[in-house]
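**Student:** quick one, what's the 3D model for this:
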Amino acid sequence: MKKIYTLASFILVSAISFAQVSDASFPEPTDISTKILKSKKIYSSSAAKSAPFWSEDFSGGIPATWINGSTPTLPVISAPWVYRGPSTSPDISIGSEGAYSGSNGPIASTTASDGFMIFDSDYYDNGGTPGDFGLGAYPCNSMTGGAPTGHVGTLTTDSIDCSMYPDVSIIFHSFYREYTGIAKLAFSLDGGVTFTDTIEVHPEIEVNERTENDYQVMLRMPLNIAGNTNVKMQFIYDGTILYNTSYNGYYFWMIDDIELVETPPHLLGLSSETFGGWWIGYEATGDIGSDFTFYPKRQAIAQPYRFESVVFNNGSVDQSNVKMNVEVESSGSNVYTGASAPITIITNTNDTLATTSNFTPNVNGTHKITLWASSDSLPSSDTITRSTIVTDTVYGVDYDWNSDGANAQGGYFLGKPCGGNVLGNVFDIYAVDTVTSISFHVNASSAVGRDLKVVLYDIDDPEAIDPISLEESDDYTLLPTDTNKWITLKLLNPYPVTAGIAYLAAVKGSISLQDTTLISSSSNENSSSWLQDNCIATDPASTHVPGDWYSIGADGLLIRMNFGTIAPPSGVNNIKQSQFNLYPNPTNGIFVIELEENSKYEVTVIDILGKTVYSSSINDMNTTIDLSGFDKGVYTVELKDKNSKYTEKLIVE
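**Tutor:** So this is what the prediction gives:
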């Protein structure tokens with residue numbers, strides 16, 4: 001089950017995720033991965049793995065009985081898989097990287113130190129030059145003299161006897177990064193004369209995305225494999241040209257620790273988990289259903305968390321009374337327990353399940369979400385743990401929990417020679433509030449000295465062709481101290497937002513001779529991110545018009561929406577605005593609290609995670625406070641005595 005975007009405000013020119021729009025509307029290769037598929041366990045303690053009846057860990061190199069290469073149809077040509085291990089160059093035993101280009105490093109399989117196999121498409125296309133994606137020394141088109149047509153790498157096993165097993169699964173470590181190449185697995189029942197039943201190994205991976213280096217794959221093999229005495233498998237890296245582009249394959253595929261096992265009867269898997277209603281919940285409410293990892297409490301009360309996931313029956317028999325189970329914990333205490341309605345899932349199929357009740361948080365702070373599947377025959381699948389932070393005013397879809405850029409996993413370009421592009425995240429508004437500023441993380445690879453601004457758009461007008469600009473900030477020039485940091489820019493005028501409407505919090509770049517300004521991204525698949533390409537297409541066949549908006553998939557850009565001050569709790573009197581003032585605001589960290597008259601107050605400064613970073617007592621009409629040693633961002637300054645309380649937002653730039 002896959003969500004289909006229905007935003008009428010956008011022109012869906014491309015459905016592929018990209019880091020930079022080319023003239024042909026296809027993403028150019030980049031050293032920066034836009035999404036990383038997280039590692040997962042294959043077996044839980046409740047479903048013990050059967051002993052493999054066939055395995056290969058490449059500890060002795062490529063087996064002599066295997067075939068490395070094939071004869072594809074010209075002008076596509078074959079290129080070999082390569083063994084990497086002790087005494088090879090690079091030498092995995094002394095920590096050299098497994099891929100020739102970039103900084104991806106080797107596979108982190110169980111027996112990686114004894115060797116593994118790699119098909120390095122980058123090497124064949126650029127001669128091993130890191131970051132150089134031009135055609136290289138390997139003669140991909142030398143046989144035809146024509147345009148490059150790519151290459152295919154096949155690695156074929158020897159014959160495997162599966163006659164004793166009624167249902168067979170393959171498990172192996174797979175470290176894979178995709179551009180136009182595709183990772184496939186094919187099977188032969190006649191000793192390698194013909195190969196059929198081809199399976200794509202990583203259908204969930206798209207352009208400029210990769211798995212983690214210790215990712216493990218389990219695939220149910222075609223049922224006609226079972227009972228056959230002469231089975232061969234073929235690992236295929238298909239690097240032929242796709243999408244009518246001028247690029248060859250690029251990137252790599254590493255494999256290790258291959259095992260064939262009898263498929264266990266009871267084996268449930270849980271994936272594609274969401275707490276925002278991404279798969280089902282959005283259908284009833286008409287929203288995006290994003291996983292808002294920073295969720296303002298006011299919004300969360302209006303639209304509680306909705307838990308969903310895809311549950312797979314990877315076992316060989318049907319599973320009855322299958323349920324998805326969820327628990328939520330806050331400050332060490334359980335605050336929610338829920339489950340989906342029980343269903344039956346047929347073997348080798350899956351279904352999307354949602355809890356029968358939603359979760360409304362009562363307090364701010366981090367909430368840990370634990371999800372697992374169960375059935376009559378299986379007490380528990382492996383558990384999946386997610387987190388979300390309930391905030392006072394900050395809305396975010398990124399995974400940068402500590403707001404330090406540590407979880408930034410790539411980036412998207414803003415500035416181009418032909419004009420500044422726009423990048424933004426969609427935020428659903430469920431309760432009326434006021435947007436005062438937008439924060440964004442400047443990728444560490446960005447150049448300084450580039451101008452940009454933040455912009456708030458309305459994207460919910462069905463009559464509009466493009467998003468409507470509502471408010472923006474002043475221009476801001478990136479400083480050397482801004483790289484790998486969060487920056488907050490204040491809107492010229494606070495903008496009230498309406499419940500039931502979706503808005504785009506965006507960053508707009510400026511013309512740049514070098515396309516080196518990047519906004520960081522994470523790996524939140526349950527979010528909606530967009531790019532406006534303001535360049536003129538140079539390809540005569542392109543239908544692109546400057547200003548067209550493109551979906552860049554669901555990567556969770558590190559762009560946040562910040563609201564105004566939330567009203568104090570009931571029963572607490574608020575100090576009149578005339579009695580209290582902060583200046584300058586925004587500030588470089590040093591600011592003054594100005595009171596109308598001498599009075600004693602406790603002053604507290606709180607960051608966006610609700611953590612107190614400063615506290616003191618003041619009784620002067622003018623008090624200077626220095627926060628210059630703290631990170632840039634939005635802080636809450638709170639003044640109170642026994643009778644009254646006042647809070648004000650402070651932006652540290």
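
**Student:** when you work out contacts or count neighbours from here on, use the C-alpha atoms and nothing else.
**Tutor:** Will do.

**Student:** what number of residues are in the vicinity of the nearest residue in space to T498 that is not next to it in sequence?
**Tutor:** Closest residue in space to T498, ignoring its immediate chain neighbours: V432 at 5.1 Å, by CA to CA, 6 or more residues apart in numbering. The local packing count at V432 equals 14, with neighbours defined by other CA atoms under 10 Å.

**Student:** cool, S331 as well?
**Tutor:** 11.

**Student:** again, but for S169
**Tutor:** As a burial measure, S169 scores 22 neighbours (other CA under 10 Å).

**Student:** likewise Y476?
**Tutor:** Close neighbours of Y476, defined as other CA under 10 Å, add up to 14.

**Student:** my guess is it contacts K453. True?
**Tutor:** Yes - with contact defined as CA atoms under 8 Å, Y476 counts as touching K453 (5.9 Å).

**Student:** show me the helices in this protein, by range?
**Tutor:** Taking DSSP state H as the criterion, the chain contains helices spanning 121-126, 281-285, 297-302.

**Student:** which other helices and strands contact the last one?
**Tutor:** Read that as helix 297-302. For helix 297-302, the helices and strands in contact under the criterion 3 or more CA pairs under 8 Å, 6 or more residues apart in numbering; DSSP states H and E are strand 384-391.

**Student:** what helices or strands is the strand it packs on leaning on?
**Tutor:** In terms of contacts (3+ CA pairs under 8 Å, 6+ apart), strand 384-391 is packed against strand 294-296, helix 297-302, strand 365-374.

**Student:** run the last query once more with 7 Å
**Tutor:** When contacts are defined as 3 or more CA pairs under 7 Å, 6 or more residues apart in numbering; DSSP states H and E, strand 384-391 sits against strand 294-296, strand 365-374.

**Student:** remind me which residues of the stretch 551-653 of the chain are low pLDDT?
**Tutor:** Filtered on pLDDT under 70, the stretch 551-653 of the chain yields the residue ranges 553-555, 565-580, 596-597, 609, 642-645.

**Student:** ok, N534 - contacts?
**Tutor:** In this structure, N534 makes contact with 419-421, 546-547, judged by CA atoms under 7 Å, 6 or more residues apart in numbering.

**Student:** what of S375?
**Tutor:** Remark: with contacts taken as CA under 7 Å, 6+ apart, S375 is in contact with 319-323.

**Student:** now the phi/psi pair for it, please.
**Tutor:** S375 adopts backbone torsions of phi -150, psi 180, taken as degrees, to the nearest 10.

**Student:** leaving out sequence neighbours, find the closest residue to it.
**Tutor:** Closest to S375 by CA to CA, 6+ apart is V322, at 4.2 Å.

**Student:** circling back: and the contacts of S375, which of them are buried?
**Tutor:** 319-320, 322-323 (16 or more other CA atoms under 10 Å).

**Student:** do you know the pLDDT at P72?
**Tutor:** P72 is assigned a predicted lDDT (pLDDT) of 57.

**Student:** next one: N534
**Tutor:** N534 is assigned 81 on the pLDDT scale.

**Student:** deepest of the helices and strands packed on strand 384-391, which one?
**Tutor:** Comparing the helices and strands packed on strand 384-391 by mean neighbour count (mean count of other CA atoms under 10 Å), strand 294-296 ranks first with a mean of 24.

**Student:** which elements pack onto it?
**Tutor:** Packing contacts for strand 294-296, counted by 3+ CA pairs under 7 Å, 6+ apart, involve strand 384-391, strand 394-395.

**Student:** show me how far it is from its chain's centre.
**Tutor:** 18 Å (CA atoms, centre = their mean, to the nearest Å).

**Student:** any idea how far F172 is from L189?
**Tutor:** 21 Å (CA to CA, to the nearest Å).

**Student:** hmm, back to that, can you redo the helices of the chain as a markdown table with distance to E212 and mean pLDDT?
**Tutor:** Conversion of the helices of the chain to a markdown table gives the following (distance: least, CA to CA, whole Å; pLDDT from 0 to 100):
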| stretch | distance to E212 | mean pLDDT |
| --- | --- | --- |
| helix 121-126 | 18 | 63 |
| helix 281-285 | 29 | 91 |
| helix 297-302 | 32 | 96 |
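
**Student:** put together CSV for these, with mean neighbour count and distance to S529 on each row.
**Tutor:** Converted to CSV, those look like this (neighbours: other CA atoms under 10 Å; distance: least, CA to CA, whole Å):
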stretch, mean neighbour count, distance to S529
helix 121-126, 25, 28
helix 281-285, 14, 17
helix 297-302, 19, 20
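
**Student:** just put the ones you listed in JSON lines and tack on distance to S469.
**Tutor:** Listed next are the helices of the chain as JSON lines, based on distance: least, CA to CA, whole Å:
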{"stretch": "helix 121-126", "distance to S469": "41"}
{"stretch": "helix 281-285", "distance to S469": "25"}
{"stretch": "helix 297-302", "distance to S469": "23"}
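
**Student:** closest one to Q216 among these?
**Tutor:** helix 121-126 (21.1 Å; CA to CA).

**Student:** out of the helices and strands packed on strand 294-296, flag the one nearest G449.
**Tutor:** With CA to CA as the criterion, G449 lies closest to strand 394-395 of the helices and strands packed on strand 294-296, at 27.6 Å.

**Student:** much appreciated, bye for now.
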